[in-house]
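Visitor: Structure for the following, please:
(4 chains)
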Number of protein chains: 2
Amino acid sequence: MATIRDVAQLAEVSVATVSRVMNNNGYVNNETRERVLRAIKELDYHPNVLARGLNKKRTKTLGLLLPDITNPFFPQLARAVEDVAQEFGYSLVLCNSDDQPEKELHYIKILEQKYIDGVLVVSSSFSREDLHERIPVVVFDRIGAEDIPAVCVKNRSGARLAVNHLFEIGCKRIGHLRGPFDASTADERYRGYIDAVQTQPWFSDNYVEVANFDMELAKTAVLRLLQRQPDIDGIFAGNDLMAVGALKALLHAGYRVPEDIALIGFDGIPLTETVVPEISTIVQPIYEMGELATRLLLQLIEQKPVLEQIYELDVQLLQRTSTRKK
Amino acid sequence: MATIRDVAQLAEVSVATVSRVMNNNGYVNNETRERVLRAIKELDYHPNVLARGLNKKRTKTLGLLLPDITNPFFPQLARAVEDVAQEFGYSLVLCNSDDQPEKELHYIKILEQKYIDGVLVVSSSFSREDLHERIPVVVFDRIGAEDIPAVCVKNRSGARLAVNHLFEIGCKRIGHLRGPFDASTADERYRGYIDAVQTQPWFSDNYVEVANFDMELAKTAVLRLLQRQPDIDGIFAGNDLMAVGALKALLHAGYRVPEDIALIGFDGIPLTETVVPEISTIVQPIYEMGELATRLLLQLIEQKPVLEQIYELDVQLLQRTSTRKK
DNA sequence: TTGTAGGCGTTATCAG
DNA sequence: CTGATAACGCCTACAA
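Guide: Predicted coordinates for the structure are as follows:
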């Protein structure tokens, strides 16, 4: 691999001059610039990123710290982040935290050591104190309690949208499968559900069951729910994974969906489209969110001002077979 | 962040000595080692990876170059790779090539520039010439035509397994949805299909339809297939994505699965378990393959000898509802 | 407008 | 056993 010195030699100038034309700063005679450019092309010279990083403390790489890329919500996100990163000449380092704070801390440390320029974090527990350096961070899918910019969707109103949709297609008693207590998204969606049902005379806490955003847990949870409240004819699952689990359990137990029980999820992951019946859901613009978050992160990195601290995107109701009108 | 010089100063030794204890090479007095160790701990010193990389030409990071993380086959793979990488202190850079040779080349160039220690490639077109440096590479899911170590499964015998299973449950005429012509896996599976049906009196090329491993394409392809050969009562899809597409199209067109038409896929992605009916498939040990490939890559990087060039793993028939006995 | 030289943080080679 | 010191490849004052 050619170094800056090789180029300098071939162009018969000093390395400083080469550096100047590479970085487009400082004055340099047009003629010599041409010569340098030719040499660069001739040698197919690319500056060494490590050497550059070593004294600029920047590496043109971003970190993506998420619970588990295997969760169907994240591939789209990762794809969006990588696309934007790539567009701006950045590479992306992938880290699976399994939602374990120790792992998160471990990765953060490594990323900092590698002079990663910025990190996009998907975590319910992450906070500013976890950073040792003042490295730019954007959190995803969570309301930033602190001064960390965040990208998420309007979870609460989205949940209301879902529940009201169930009412509109004729449901009378609506149950809710909620996510984990430590996830702000789960909480917001729960609140949205409450918003929509609290004035109902029948409502009580018995209509809610926790299933931690997990498909398997949802299978048993939904049956418990129905055992306790056989009058339920519509279910709002706090995420699609739980909706799919619920669907499987319901069908297995002999319920018809949507005839006996209508079902709606939240997220808009591809999975909801491939099951039968297809599951209605509140679609998050996952790819767009990833794009936005990455752009935001890049802004931060380039020291450009960021307009807002919290970006709450709109969601969309997607009606499919699982909530066909009764 | 503390540097090696700070440590040296605090321990009252030279940087060389600190370097020696850090890397455990060269002689160093036990007493001074202790002193250095204490200083290291006291300052919470971690060597700067960039500086180290700059003169060792190693960065403790791996590249994963795949078509699209959004394809449900890959998250599991990525997870496995990242897990192993992480276990050995390596980071993982994710690259989506969309199967486009130019993008692949572009990424390879970047990865080389960043002194990535090795790359795991999932591509049908990649070859040794695409490398400028002699950087270790392992290819995934493809038979290495050249001297690049490869990890894949026994596609051909797996395909035979699938087709014979269809025969066993009572199918008489079996069609095949095959993957793209430029993918060796698609080819192998096609051959396995041929192996199993070529002695059948009814067999002709009309029983095969190409759908490029794509779910959407499979929807139309399967209908074309059945229009041409209404006698088909069993279908072997070259991958699960096509199987899911086929399933949807079949159900939509009023066929019953498996009563009218039995269906089996190949890969073992989670999706096959979430559709109704659940789809039988030939399970690849995706995670294990990722693990193995990464270990192999690490071996190469550490200059340790690699036992074989091609690792062909076993697959397993997983019977589910879509091939229930007739 | 251009070149020289010091520094970024480590490792490795040689003397001592 | 230990310490200088020259790389590694680039950027950036500071001089010229």
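Visitor: contacts and neighbour counts: CA atoms only from here.
Guide: Fine.
Visitor: Three-state assignment for A:G290, please.
Guide: Here A:G290 takes the helix state, with states given by DSSP: H, G, I helix; E, B strand; the rest coil.
Visitor: Could you count how many residues lie near it?
Guide: 26 (other Cα atoms under 10 Å in any protein chain shown).
Visitor: Equivalent analysis for A:Q303, please.
Guide: Residues near A:Q303, counting by other Cα under 10 Å, number 10.
Visitor: Equivalent analysis for A:Q113, please.
Guide: Neighbour count for A:Q113, taken as other Cα under 10 Å: 16.
Visitor: I figured it hits B:R52, correct?
Guide: No: using Cα atoms under 8 Å, A:Q113 is not in contact with B:R52, being 11.5 Å away.
Visitor: Spell out which residues are contacts of both of these two.
Guide: Counting by Cα atoms under 8 Å, 6 or more residues apart in numbering or on different chains, A:Q113 and B:R52 have no shared contacts at all.
Visitor: Tell me where chain A has helices.
Guide: A:4-11, A:15-23, A:30-43, A:49-56, A:74-87, A:101-113, A:155-168, A:184-197, A:215-228, A:240-252, A:271-274, A:286-301 (DSSP state H).
Visitor: And the ones you listed: which comes nearest B:D187?
Guide: Smallest distance to B:D187 across those (Cα to Cα): 26.6 Å, for helix A:271-274.
Visitor: what residues does the closest one touch?
Guide: Helix A:271-274 is contacted from outside by A:P72, A:D240, A:V244, A:E278, A:I279, A:S280, A:T281, B:V244, B:K248, B:L271, B:T274, B:V275, using Cα under 8 Å, 6+ apart.
Visitor: what are the phi and psi values for the fifth one?
Guide: Spelled out, that is A:I279. phi -100, psi 130 (degrees, to the nearest 10).
Visitor: Most neighbours of all the contacts of helix A:271-274, which one?
Guide: Greatest neighbour count in the contacts of helix A:271-274, by other Cα under 10 Å, goes to A:T281: 33 neighbours.
Visitor: can you pull the contacts of that residue?
Guide: The contact partners of A:T281, by Cα under 8 Å, 6+ apart, come to A:A162, A:D240, A:I264, A:G265, A:F266, A:D267, A:G268, A:T272, A:L317, A:L318, A:Q319, A:R320.
Visitor: hang on, the earlier thing: with mean pLDDT added, can I get the helices of chain A in CSV?
Guide: Formatted as CSV, the helices of chain A follow (pLDDT from 0 to 100):
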stretch, mean pLDDT
helix A:4-11, 91
helix A:15-23, 91
helix A:30-43, 91
helix A:49-56, 89
helix A:74-87, 97
helix A:101-113, 91
helix A:155-168, 97
helix A:184-197, 96
helix A:215-228, 96
helix A:240-252, 95
helix A:271-274, 89
helix A:286-301, 95
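Visitor: Select, out of the ones you listed, the one closest to B:C95.
Guide: Across the helices of chain A, closest to B:C95 is helix A:74-87 (Cα to Cα), at 7.3 Å.
Visitor: Tell me which residue in the stretch 51-200 of chain A sits closest to DNA strand C.
Guide: Proximity to DNA strand C, evaluated over the stretch 51-200 of chain A using Cα to the nearest atom of the strand, is greatest for A:N55 at 4.0 Å.
Visitor: Look at that residue and say how many residues are nearby.
Guide: Residues near A:N55, counting by other Cα under 10 Å, number 10.
Visitor: Please name the bridge partners of A:N96.
Guide: A:L66 (DSSP bridges).
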